[in-house]
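>>> Got a sequence here, can you model it:
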Amino acid sequence: MAAIKKLAPVMFLALLMGIVFSAFRPAPQEKSEGKTYYAAVFLNRGHVTGGTQSNVGLFKRAAGDTVWTNIYRRNLLSFGLGIWEGKSGRRYYIAAGNGLHRSVDGTKSWRVLTDWHTEEILSVAPDPIDSSIIYVSTPFGVFKSIDEGRHWEKKMTGMKKWFVKKVVLDVNDRKKLFAVGEDDVFRSTDSGDHWEALHAGLSDVQSFAQDPASPNHFLAGGEENGIRLTLDGGKTWQTAQGVPKESFYAITISPDGRTAYAGGFKTGLWTSTDAGMSWKLLWKNPEIEAISTIFVHKNDPSHLMIGTSGQGIYESPDAGKTWRCDGLQGCQVRQIELYP
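Next comes the predicted model:
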């Protein structure tokens, strides 16, 4: 009994020290510390009155934080985001319903670069090297500027239909581009001057992704057509197996090329680990009407975020095993990015 009494103060002291050290133990930090998440919000269903939208536009939150803040134009219908970074600084872009907006001072102030010819911008793709070159997609085709947005030229040679949902640059060659048109996926090898159809086999293309680790591997999703893939740069295509023939609005491939993700209208989130040839359902929430964008963290492929058509953003830290709502409830989120 005496031995126990002697040990009691020691155990109490050890417990107290443990509490003290635990209280001052540094919390685990996110791999994106020092960067900011940006979200392009097209619509907020919770604040629609009289046919007008409010509290939409560009939102941001610091990595590790939980609060999204509207930082520009609470009535701006935002379709997508883009960034250019070089020795002369950073240029942020918003593809919006009233034109292409640019900030050169860290998102403090913005300027509209387009006129009535390119009023509605659906996506933006800045050249990664030359800040003067910018590509945008619109309901009236692809436009290109070679003087930082002062003048624009339509680039549609080879396309029959004008409506282009998205334009993206090749992962390795800045002279190559891809355009998601109404009737097909198109490719240009001469900086947008000419386009060729890749014959993806989808009647209404909704989404497209190029594998960062294998540039000849493409995935495309259609309206009630499921998913198609090619492993040879578009020469031949095949239908993905295991995935329903539903509408897929978002497709992405992890930066390491190991995993593909896809989602759309009432589909849930699907995943593939064999280049998109076969798929399985990863996660489905009956409250989510549609998935409009999928983000995979560059330095942590297990960190996923999805933007929905009206239920905000959902986030998973463990490759889709568990999910939590990450805010912006009621918002239709068109794109999520992590920028410096």
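>>> and stretch 207-220, what's its mean pLDDT?
Stretch 207-220 shows a mean pLDDT of 97.
>>> Ok, stretch 113-122 next?
Taken as a whole, stretch 113-122 has an average pLDDT of 86.
>>> Give the buried residues for it.
113, 114, 118, 119, 120, 121, 122 (16 or more other Cβ atoms under 10 Å). All C-beta spots, glycine's among them, are computed from the backbone N, C-alpha and C.
>>> and if you look at stretch 269-280?
Quick answer for stretch 269-280 (16+ other Cβ under 10 Å): 269, 270, 271, 272, 275, 276, 277, 279.
>>> Do a quick rundown of the helices in the stretch 201-340 of the chain.
Assigned by DSSP state H, counting those that start in this stretch, the stretch 201-340 of the chain shows no helices.
>>> all strands of it, in order?
Ranges of strands in the stretch 201-340 of the chain, per DSSP state E, counting those that start in this stretch, are 205-210, 218-222, 226-230, 238-239, 248-253, 260-264, 269-272, 280-283, 291-296, 304-308, 313-316, 324-325, 331-339.
>>> Just send those back as JSON lines, with distance to residue 92 too.
JSON lines is the format used below for the strands of the stretch 201-340 of the chain (distance: least, Cβ to Cβ, whole Å):
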{"stretch": "strand 205-210", "distance to residue 92": "23"}
{"stretch": "strand 218-222", "distance to residue 92": "28"}
{"stretch": "strand 226-230", "distance to residue 92": "32"}
{"stretch": "strand 238-239", "distance to residue 92": "38"}
{"stretch": "strand 248-253", "distance to residue 92": "21"}
{"stretch": "strand 260-264", "distance to residue 92": "25"}
{"stretch": "strand 269-272", "distance to residue 92": "28"}
{"stretch": "strand 280-283", "distance to residue 92": "31"}
{"stretch": "strand 291-296", "distance to residue 92": "17"}
{"stretch": "strand 304-308", "distance to residue 92": "18"}
{"stretch": "strand 313-316", "distance to residue 92": "19"}
{"stretch": "strand 324-325", "distance to residue 92": "26"}
{"stretch": "strand 331-339", "distance to residue 92": "7"}
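>>> Surely residue 117 is in a helix?
Yes. Looking at residue 117 with DSSP: H, G, I helix; E, B strand; the rest coil, it is inside a helix.
>>> mind showing which ranges of the stretch 101-250 of the chain have poor pLDDT?
Within the stretch 101-250 of the chain, no range satisfies pLDDT under 70.
>>> and the nearest residue to residue 233 once chain neighbours are set aside, what does it touch?
Of all residues not flanking residue 233 in the chain, residue 216 sits nearest, at 4.0 Å (Cβ to Cβ, 6 or more residues apart in numbering). The neighbours of residue 216, taking Cβ atoms under 8 Å, 6 or more residues apart in numbering as the test, are 230, 231, 232, 233.
>>> now residue 329, nearest residue through space, not along the chain?
Nearest non-adjacent residue to residue 329, counting by Cβ to Cβ, 6+ apart: residue 312, 4.3 Å away.
>>> how near is the one you found to residue 127?
32 Å (Cβ to Cβ, to the nearest Å).
>>> who's more crowded, these two?
residue 312 (22 against 19; other Cβ atoms under 10 Å).
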